[in-house]
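K.L.:
Dropping the sequence and predicted coords here.
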Amino acid sequence: MTPRERVKAVYQSKTPDRVPLMLDLSHWYKKNYNIFFDLIGFKAVEQDLVALHKKVGAISYLEMGSFYEIYYKDDSIDVRQWTDEQGVFHTEIVTPLGRLSEERVFEPISYSYNIRKRLLENVADFQVVMYLMDRCQCRERFSLCREWEQALGELAFPYCNLPYSGLGYLISRNLGVEKTCLAIYDYPQEVAEFVGCINACNLRMLDNLLSGPFEVIIQSDNFDSQVQTTNFFNTYSREYYTEVAKRVHAAGKYFAVHVDGEMRGCLSNMAECGVDCIDAATPAPMFALTPEQAREEAGSDMILSGGIPATVFGKMGTDEEFVNAVKCWLDIRDQSPRLILAAGDQVPPDAPVHRIEMLVELVDKYGCY
């Protein structure tokens, strides 16, 4: 089987000849190839990144740029994003109800952008975002997806990203954990209205994207069950996730969720909603669940895609620990073939290149059916 055929088999509930290997190498690529990290994303195919995937033999599935363009049917709205001369990435939103701004500062060591100023300061800012989201539209850029597929060939399996859900927008991104939790208890009606507005916007966008050439829609919530608790999930996200899964499945496609934090306590909830795949599934020693425990909580029908913690993939871990983590993840293939080997989130920028290059050989040795 080809790499792409293996991934398709897993999504179709079939057993491939071996566990598929998928990697998000974009972060590692930018750091180690000294590529400017533009938070707006790739606007065209990165041929050197394509060559890197072909060299290591791993499927590319994320961070290909956006397959759609967002716009607003209201001339009074102005949304700008830019990087200034000091390397600070700015987002500015202007509506008739007010102005909001965010600042993110580039950190060379981690090759990432830390949030210096969040977009939302308090509940009073909600109305500005809701005005924006009520007028938000998207138009497809499916040609970019096709261009990546043509360049990557059998190493392409593009996922299309949905923006953060309402709770993810607040807790993981624009208000922060502490302020979101306080707002939930102090202003429950306002939070519920805000979350509903974001989710409704996402569903409108989803309907415009379901005709695209990709097979998987991924919810990019950066989910972590330590902060997005079961109670919060049931109140703000369960109905939304279930509706996304319903619409995605009706279009003959699959639904994945990006869980790059603690997954204990959320896997069964997501399975009940109809989620097909947990992306960036990260087991112990970085988080609580062993691979076997993750499979037990997820059940046999949901795909677990991940397995290699960043703390083991990067320089903090030894080669022996890295190989053992890969083997332990591949061992659960006997419990269910709904399994993909990938990094727990992105391949960390400090991962030694020889470990990336080892993965195809490790799958051939330990991951065959």
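P.N.:
Sure thing, it's come through. A quick note: this is a predicted structure, and the numbers were derived from the prediction, not measured.
K.L.:
for the helix or strand bottoming out on mean pLDDT in the chain, the distance to its chain's centre please.
P.N.:
Every helix and strand of the chain was ranked by mean pLDDT, DSSP states H and E. The lowest is strand 112-117, at a mean of 92. Relative to its chain's centre, strand 112-117 lies at 18 Å (Cα atoms, centre = their mean, to the nearest Å).
K.L.:
ditto for stretch 6-19
P.N.:
Distance of stretch 6-19 from its chain centroid, counting by Cα atoms, centre = their mean, is 21 Å.
K.L.:
end-to-end on it?
P.N.:
7 Å (Cα to Cα, to the nearest Å).
K.L.:
do the same with stretch 103-119
P.N.:
Separation of the first and last residues of stretch 103-119 by Cα to Cα is 8 Å.
K.L.:
Would you mark the buried spots in it?
P.N.:
Across stretch 103-119, burial judged by 16 or more other Cβ atoms under 10 Å covers 103, 104, 106, 111, 112, 113, 118, 119. In this view, the C-beta of every residue, glycine as well, is placed from N, C-alpha and C.
K.L.:
and the lengthiest strand in the chain, what's its mean pLDDT?
P.N.:
Scanning the chain for the strand with the most residues, using DSSP state E, yields strand 98-107. What strand 98-107 shows for mean pLDDT is 95.
K.L.:
how deep is residue 290 tucked in, by neighbour count?
P.N.:
Neighbour count for residue 290, taken as other Cβ atoms under 10 Å: 15.
K.L.:
Next up, phi/psi of the residue lying closest to it once chain neighbours are set aside, please.
P.N.:
In space, and not counting its chain neighbours, residue 290 is closest to residue 284: 5.3 Å by Cβ to Cβ, 6 or more residues apart in numbering. Backbone torsions of residue 284, given as degrees, to the nearest 10, read phi -60, psi 150.
K.L.:
Wait, residue 284 touches residue 292, no?
P.N.:
No: the pair residue 284 / residue 292 is not scored as a contact, 10.2 Å apart, by Cβ atoms under 8 Å.
K.L.:
List phi and psi for residue 60.
P.N.:
Per-residue torsions, residue 60: phi -100, psi 130 (degrees, to the nearest 10).
K.L.:
What of residue 17?
P.N.:
Backbone torsions of residue 17, given as degrees, to the nearest 10, read phi -70, psi -20.
K.L.:
mind giving me the domain split of the chain?
P.N.:
With domains defined by automatic domain parsing, the chain comprises 3-68+140-366, 74-134.
K.L.:
which one of those domains is the most hemmed in?
P.N.:
The highest average neighbour count among those, using mean count of other Cβ atoms under 10 Å, belongs to domain 3-68+140-366 at a mean of 19.
K.L.:
Quick one: mean pLDDT over that one.
P.N.:
For domain 3-68+140-366, mean pLDDT is 97.
K.L.:
For the stretch 151-300 of the chain, which segments count as helices?
P.N.:
With DSSP state H, counting those that start in this stretch applied, the stretch 151-300 of the chain shows helices at 166-168, 177-186, 188-209, 230-236, 238-250, 267-273, 291-298, listed in chain order.
K.L.:
And the contacts of stretch 193-200?
P.N.:
Residues outside stretch 193-200 that contact it (Cβ atoms under 8 Å, 6 or more residues apart in numbering): 126, 129-130, 133-134, 164-167, 169-170, 236, 240.
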